[in-house]
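Enquirer: with the sequence up front, the predicted model follows.
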Amino acid sequence: MGNADLRSLAALSEISFEELSGSVVAVDAHNWLYRYLTTTVKFTREEAYTTDSGEEVANLIGLVQGLPKFFEHDLVPVFVFDGGVTDLKDDEVAERRAAREKAEELKADAEERGDAVAAARLEARTQRLTDVIHETTRDLLELLDVPVVEAPAEGEAQASHMALRGDVDYVGSEDYDTLLFGAPYTLRQLTSKGNPELMDLEATLAEHDITREQLVDVAILCGTDFNEGLSGVGPKTALSAVREHGDLWAVLDAREAYIENADRVRELFLDPPVTDDYEFDTDISPDVDAARAYVVDDWGVAADEVDRGFERIESSLVQTGLDEWT
DNA sequence: AAATCAAC
DNA sequence: GTTGATTTG
């Protein structure tokens, strides 16, 4: 199962923050938080991200540490929140729940053995995005005046739709799904060190001389979040098969194979539930003091975890303010 | 989570 | 080329 490994097919290139200055980037909130919670935050210093009262605040710290990158480079993030779960994804959700429960069991075992390292690793797997995390994330974004859009379903699909309509310049994501959802340009590694990476849909299609429909077919053949791919079929095999036979159905026919829900998965990528009913203002003026008070006073985050982040946000605001006068 | 490596 | 395990960040 699992995700299509489209990396080897994607047209990627480096891009500098200078070139991106002034752009608006739609970020899938779920993905952004999930990645942040499971990688940067959880591994080493788990204690720091849980308050004395036992509240999970890693998301708040993650935002305060991650957002300055946007502000400092004059990039405006628009956070897109997931709507209801697609029914197709029920399987996936159930699977994740099972995986989580399993991980929780293993973690309990590890703790019993006194194996702290193993327990910490497993903790990452038990991680989930709770309602509290979603709500506090929204609250903090609001205080920082960061635009938020509600997706009817998949955040990635909505973000891609907004990019297709030209309402944002880029989608910010680490996933390759945005290619399938039709996002013209996706930015990767926006919060890591070094330059971001630009993923170009048109260049990807041109490079392999295929259409977006065919790219979706390739992905379905290798497996996506929504369907099991054919075993033994990876990106290379899928690509040449689609190029040879034309589309998914012809490939399945030729290989006498069957993929559950293939038609619906295809539809989901090519014509996902999205909305034009959104509105946001990219001229943002964060209330840094209120944000700091919210994080430190209301939620009990240690001040030294967020001081630097808030300082960076503050000084980036001064900077852009000056730019307007020069 | 990405890169590398071994096995099929 | 694909997959699974492994390591490192």
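Expert: Noted; the coordinates are in hand.

Enquirer: where do the strands sit along chain A?
Expert: Secondary structure of chain A (DSSP state E): strands located at A:12-14, A:24-28, A:76-81, A:148-150, A:170-172, A:185-188, A:197-200.

Enquirer: same for the third one, what does it pack against?
Expert: With contacts defined as 3 or more CB pairs under 8 Å, 6 or more residues apart in numbering; DSSP states H and E, strand A:76-81 has these neighbours: strand A:24-28, helix A:29-36, helix A:58-72, helix A:131-143, strand A:148-150, helix A:155-164. (Each C-beta comes from the backbone N, C-alpha and C, glycine too.)

Enquirer: parallel or antiparallel, which strands does it pair with?
Expert: strand A:24-28 (parallel), strand A:148-150 (parallel) (DSSP bridges).

Enquirer: and the ones you listed: which comes nearest A:R165?
Expert: Closest approach to A:R165 among the strands paired with strand A:76-81 (CB to CB): strand A:24-28, 10.5 Å.

Enquirer: run the chain-centre distance for the closest one.
Expert: 9 Å (CA atoms, centre = their mean, to the nearest Å).

Enquirer: which parts of the stretch 51-200 of chain A sit against DNA strand C?
Expert: The interface of the stretch 51-200 of chain A toward DNA strand C, taken as CB under 7 Å from any atom of the strand, is empty, with no residues included.

Enquirer: for the stretch 151-300 of chain A, which residue gets nearest to DNA strand C?
Expert: With CB to the nearest atom of the strand as the measure, the residue in the stretch 151-300 of chain A that lies nearest DNA strand C is A:G234; the distance is 2.4 Å.

Enquirer: ok, that residue to DNA strand B distance?
Expert: Applying CB to the nearest atom of the strand, to the nearest Å, the value for A:G234 to DNA strand B is 11 Å.

Enquirer: quick one, grab the pLDDT at that residue.
Expert: A:G234 is assigned a pLDDT of 94 by the prediction.

Enquirer: go on, A:D167?
Expert: Each residue has a pLDDT score; the one for A:D167 is 98.

Enquirer: for it, give me phi and psi.
Expert: For A:D167, the backbone dihedrals (degrees, to the nearest 10) come out as phi -80, psi -20.

Enquirer: all set, thanks.
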